[in-house]
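Undergrad: A predicted structure for the sequence below; I have some questions about it.
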Amino acid sequence: MAADQPLRYRAASLRRFPLGDRRDIVYLSVDEPAAVMPSNVVSILESCRIFRTLEEHIQQVCANQGSNRINRAVVESMIQDFLSTGLLVPETSIRAVSQTEPGPARRNRIASIGIVTASRLECLSRCLTSFIGNTKTYGRDNEFVVMDDSTDAGVRQTCRDLLGAIRSRCAVNVLYAGREEKERFADALIGEGLPADVVRFGLFDTEQCGYSVGANENALLLHHAGDVVFHADDDVVCRPATPPGVVRELRFFSGYNPAELDCFPNREAAMARASFGQADLLAAHEMLLGLSIPECIAGAGALAQTPARAIKDQTFRLLQNGTGQVAVTFSGILGDSGSGSCSGYLTSRGDFRARLVESEETYGMAVTSREVLQAVRAPTVSDGFWCMSYAMGLDNRNLLPPFFPVKRNSDGVFGALLRRCFPQSLTGHVPIAVLHEPPEVRQFPRDQVWRDGALFEVADLLFRIMGDFDFGPVSDPARRLRMLGRYIAEAGSADLEAFEEFVRFRLWGLARSRTQGILETLKRHEFQPSYWADDCRRHIEAYTNAITQPDYVIPQDLLDGRSPEEARRLSQRLVRRFGELLAAWPDIVEAAKSLRARGIRAALAV
């Protein structure tokens, strides 16, 4: 911070407990005695959770009082009291951590690139050769691992032949695992004393759900146990694109997803927004992946001015003491969004909302076109649970959670588990996008933005079940995974009626938060513009009509080819079995490491 810039401050991390009689207990840490303070004073302190100068805090508090005017001199005295008692802390309490580890910035070199695929040979070839080209340009000697979920033995053999040709032509080390190789690896894990049904549920579509990219990712995780790696989907092209306005400084973010989003009518318009050029994609991830907060600051070269939004108290404590570590990193995305829904646009904020509702034509384009540029504008460390696995770095030297083996949003479940079970882990986002080019052109129907209110899928069920679990004082990730797994497995083992009531209550809680969020957004923008407000009303109506139906507890993505009764029993079975997988996962990972030490891995050289 420049010497002529005034210091900025924010409220210390605190917890408040209402005591009654308009008083609260305020707790900072085990090193500080708790204090009893007037509730209105604590509320004023909590409003100071964004870094500002003392004068800016005074002005903001006075402005926030509205009709309940408060004397400026009283506010000045209150702010000074906060400062003298350590309830306001300076921005240098974060900046100081960058000085705790002097010397050159450390990097964790990404040794291997893994690609998940299933019966898309043309996509796979394009993806693999693009990553080989990028790594060779920067003198890297990465290994490449392909995890194939194709159900046809002939397609798998053709895939092996294709990879052999690429290996010979490009002079790189390529490994492959299809059904046969994964079966052999599963047998080896079971031979280590692990339960066969749990291992096979984690690695295969044992319930015949028809979509098992999560199981394929789990096989890749276990193959790479002990490595710093990069995983990609087969329809990604490593053609690095830089969004406009990128700066070289480290930023921190609290919230769902720090990436800035732009929507476009077509692929060409999206690509015109970014700059294509030479960029070492893996090096960008290595600036953050597996590093502590002080190491991230050192690697970025500069720490940004803290963004004009509050950082969650738990994250702020990690920033102050430097104990957080980046476990997963994400590239931006250019092209198809990869998202199954655009209903989140209804409650968008800031610049994206301004662009979204600029005109009815712009709004209609955004909620139908899937062509986007979504990327951060600076290396960013986040506490959000957003996760899409199309192009991600993983610090797999330490325990990471499994993916939900089947159906869509298995990576979203992975992200939620990371946030819930790994309290010291953060995510990193790099200001480089990769091209996402699925073989087919995709669009949202115009009414999907509000019809999604009636949708409920099996991943949503898992989010709600795990969301309210209390770990108590336990902080160890392995213990947390086991605790949560046992809880989920017990829920899935109840009788069907009790299970569905358990689910129904949690879905109603979700309905309340979603509808309240939309209603608050409508009021904040005075129900304008009308075309956006109409979709908000339709979304709420579709949602409220759906959630009161008896069959709403059945995930709709399980109904394809099944009767409601079959789908409801499958839903409960998937919950139970995933709980069992979570409880066993730390042991499965350790077994994979033990097998690796003996030369046994999931994928084999082609």
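TA: Received it, and whenever you're ready, just let me know what you need.
Undergrad: going forward, measure contacts between C-alpha atoms and count neighbours the same way
TA: Fine.
Undergrad: export the lowest-mean-pLDDT helix or strand in the chain to CSV, keeping only CA atoms.
TA: Least confident element among the helices and strands of the chain, by mean pLDDT, DSSP states H and E: helix 92-95 (a mean of 77). Output of helix 92-95 as CSV, limited to C-alpha atoms (Å, rounded to 0.1, in the frame of the first residue of the first chain):
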residue,chain,number,x,y,z
THR,A,92,-2.5,-4.8,6.5
SER,A,93,-3.7,-7.7,8.6
ILE,A,94,-4.1,-9.5,5.3
ARG,A,95,-1.1,-8.0,3.5
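Undergrad: distance between it and the chain's centre?
TA: 26 Å (C-alpha atoms, centre = their mean, to the nearest Å).
Undergrad: same check on stretch 82-93?
TA: 31 Å.
Undergrad: can you give me the buried ones in that stretch?
TA: 82, 83, 87, 88, 89, 90, 91 (16 or more other C-alpha atoms under 10 Å).
Undergrad: how close does residue 188 sit to residue 370?
TA: Residue 188 sits 42 Å away from residue 370, going by C-alpha to C-alpha, to the nearest Å.
Undergrad: got it, and residue 229?
TA: Counting by C-alpha to C-alpha - residue 229 and residue 370 are separated by 29 Å.
Undergrad: between the two, which one's more packed in?
TA: residue 229 (29 against 25; other C-alpha atoms under 10 Å).
Undergrad: element containing the more buried one?
TA: Assigned by DSSP states H and E, residue 229 belongs to strand 228-233.
Undergrad: going on from that strand, what's the next piece of helix or strand?
TA: strand 236-242.
Undergrad: so what does the helix or strand following that following strand touch, helix or strand wise?
TA: Note on strand 236-242: by DSSP H and E, the next helix or strand toward the C-terminus is strand 251-253. Strand 251-253 is packed against strand 380-382, with contacts defined by 3 or more C-alpha pairs under 8 Å, 6 or more residues apart in numbering; DSSP states H and E.
Undergrad: restricting to C-alpha, output the helix or strand just after the strand it packs on in CSV.
TA: For strand 380-382, the following helix or strand on the C-terminal side (DSSP H and E) is strand 391-395. Extracted in CSV, the C-alpha atoms of strand 391-395 (Å, rounded to 0.1, in the frame of the first residue of the first chain):
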residue,chain,number,x,y,z
ALA,A,391,-11.0,-27.7,-17.2
MET,A,392,-9.7,-27.8,-13.6
GLY,A,393,-6.5,-28.3,-11.7
LEU,A,394,-6.5,-30.6,-8.6
ASP,A,395,-4.0,-30.8,-5.8
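Undergrad: now the following helix or strand past strand 391-395 - C-alpha only, CSV.
TA: Using DSSP H and E, the helix or strand that follows strand 391-395 in sequence is helix 410-421. Extracted in CSV, the C-alpha atoms of helix 410-421 (Å, rounded to 0.1, in the frame of the first residue of the first chain):
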residue,chain,number,x,y,z
SER,A,410,-21.7,-34.5,-10.3
ASP,A,411,-19.0,-31.8,-10.2
GLY,A,412,-21.4,-29.5,-8.4
VAL,A,413,-21.7,-32.2,-5.7
PHE,A,414,-17.9,-32.4,-5.6
GLY,A,415,-17.7,-28.6,-5.1
ALA,A,416,-20.3,-28.7,-2.3
LEU,A,417,-18.4,-31.5,-0.5
LEU,A,418,-15.1,-29.5,-0.8
ARG,A,419,-16.8,-26.5,0.8
ARG,A,420,-18.5,-28.5,3.6
CYS,A,421,-15.8,-31.1,4.5
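Undergrad: tell me what helix 410-421 is packed against?
TA: Packing contacts for helix 410-421, counted by 3+ C-alpha pairs under 8 Å, 6+ apart, involve helix 213-223, strand 425-436, helix 458-467, helix 477-492.
Undergrad: tabulate these in CSV, adding columns for distance to residue 175.
TA: Below are the helices and strands packed on helix 410-421 laid out as CSV (distance: least, C-alpha to C-alpha, whole Å):
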stretch, distance to residue 175
helix 213-223, 10
strand 425-436, 23
helix 458-467, 31
helix 477-492, 29
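Undergrad: show me what the strand or helix carrying residue 544 is packed up against.
TA: Applying DSSP H and E as the criterion places residue 544 in helix 530-547. Other helices and strands packing on helix 530-547, by 3+ C-alpha pairs under 8 Å, 6+ apart, are helix 448-451, helix 496-524.
Undergrad: okay, the angle between that helix and helix 496-524?
TA: Angle of helix 530-547 versus helix 496-524, following axes from the mean of the first three to the mean of the last three C-alpha atoms, to 10 degrees, is 160 degrees.
Undergrad: CA atoms only for helix 530-547, dumped as PDB, please.
TA: The C-alpha trace of helix 530-547 is given here as PDB (Å, rounded to 0.1, in the frame of the first residue of the first chain):
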ATOM      1  CA  SER A 530     -41.600  -5.900 -17.300                       C
ATOM      2  CA  TYR A 531     -40.300  -8.800 -19.500                       C
ATOM      3  CA  TRP A 532     -37.800  -9.800 -16.800                       C
ATOM      4  CA  ALA A 533     -40.400  -9.400 -14.000                       C
ATOM      5  CA  ASP A 534     -42.900 -11.600 -15.900                       C
ATOM      6  CA  ASP A 535     -40.400 -14.400 -16.000                       C
ATOM      7  CA  CYS A 536     -39.700 -14.000 -12.300                       C
ATOM      8  CA  ARG A 537     -43.400 -14.300 -11.600                       C
ATOM      9  CA  ARG A 538     -43.700 -17.300 -13.900                       C
ATOM     10  CA  HIS A 539     -40.700 -19.000 -12.200                       C
ATOM     11  CA  ILE A 540     -42.300 -18.500  -8.700                       C
ATOM     12  CA  GLU A 541     -45.600 -19.800  -9.900                       C
ATOM     13  CA  ALA A 542     -44.100 -22.900 -11.600                       C
ATOM     14  CA  TYR A 543     -42.100 -23.600  -8.500                       C
ATOM     15  CA  THR A 544     -44.900 -23.200  -6.000                       C
ATOM     16  CA  ASN A 545     -47.200 -25.300  -8.200                       C
ATOM     17  CA  ALA A 546     -44.600 -28.100  -8.400                       C
ATOM     18  CA  ILE A 547     -43.500 -28.300  -4.800                       C
END
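Undergrad: residues of that helix that come out buried?
TA: Per 16+ other C-alpha under 10 Å, helix 530-547 contains these buried residues: 532-533, 535-544, 546-547.
Undergrad: now for the helix or strand where residue 330 lies, which elements pack on it?
TA: For residue 330, the host element (DSSP H and E) is strand 325-336. Here strand 325-336 touches helix 267-273, helix 281-286, strand 371-375, strand 391-395, strand 425-436, going by 3+ C-alpha pairs under 8 Å, 6+ apart.
Undergrad: in JSON lines: these, plus mean neighbour count.
TA: Formatted as JSON lines, the helices and strands packed on strand 325-336 follow (neighbours: other C-alpha atoms under 10 Å):
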{"stretch": "helix 267-273", "mean neighbour count": "16"}
{"stretch": "helix 281-286", "mean neighbour count": "22"}
{"stretch": "strand 371-375", "mean neighbour count": "27"}
{"stretch": "strand 391-395", "mean neighbour count": "25"}
{"stretch": "strand 425-436", "mean neighbour count": "26"}
